[in-house]
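Student: have a look at this fold, sequence not included:
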């Protein structure tokens with residue numbers, strides 16, 4: 001089970017639960033993945049404004065899963081079902097970002 005106080009979010013792939021977390025290493029991978037599209041601040045702003053893309057969602061979800069120990073890559077998610085579909089994946093990505101960039105107790109929803 002994911003611990004929100006530790007910045008963790010539970011994501012189910014093909015019915016198998018995974019703990020996702022944006023560790024420092026995962027954030028570095030995420031920055032590399034998003035490249036020059038404004039960086040991490042622009043990514044967070046897109047999520048806050050509801051202007052994120054499916055690519056943004058996938059990048060955050062993959063980074064979080066990898067931070068939680070998952071060994072896959074972005075392409076691997078094309079072959080699995082993310083429980084809850086695209087809308088839940090977007091919610092999980094937003095939760096990961098909120099938990100990574102908040103003081104414990106502020107973004108643990």
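Tutor: Yep, it's here. Quick caveat: nothing in here was measured; it's all calculated off a predicted structure. Numbers count the residues shown, from 1 in each chain.
Student: check contacts around residue 56.
Tutor: 34, 43, 46, 47, 93 (C-beta atoms under 8 Å, 6 or more residues apart in numbering). Heads up, the C-betas are built off the backbone N, CA and C, glycines and all.
Student: relative to residue 66, how far out is the third one?
Tutor: It refers to residue 46. Residue 46 sits 21 Å away from residue 66, going by C-beta to C-beta, to the nearest Å.
Student: so which of the two has more stuff around it?
Tutor: Neighbour totals were compared for residue 46 and residue 66, and residue 66 leads with 20 against 17 (other C-beta atoms under 10 Å).
Student: which of the helices or strands spans that one?
Tutor: Here residue 66 sits within helix 54-67, counting by DSSP states H and E.
Student: report the buried residues of the helix or strand containing residue 99.
Tutor: For residue 99, the host element (DSSP H and E) is helix 85-100. Burial within helix 85-100, assessed by neighbour count using 16 or more other C-beta atoms under 10 Å, is assigned to 89, 90, 92, 93, 94, 95, 96, 97, 98, 99, 100.
Student: closest to residue 59 out of those residues?
Tutor: Within the buried residues of helix 85-100, the smallest distance to residue 59 is 8.3 Å, found for residue 93 (C-beta to C-beta).
Student: does the closest one touch residue 65 like I think?
Tutor: No. Here residue 93 does not reach residue 65: they are 10.7 Å apart, not a contact under C-beta atoms under 8 Å.
Student: circling back: Serialize the buried residues of helix 85-100 to CSV and add fields for pLDDT and distance to residue 23.
Tutor: CSV is the format used below for the buried residues of helix 85-100 (pLDDT from 0 to 100; distance: C-beta to C-beta, whole Å):
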residue, pLDDT, distance to residue 23
89, 95, 19
90, 96, 21
92, 97, 16
93, 97, 15
94, 96, 18
95, 96, 15
96, 97, 11
97, 95, 13
98, 93, 15
99, 92, 11
100, 91, 9
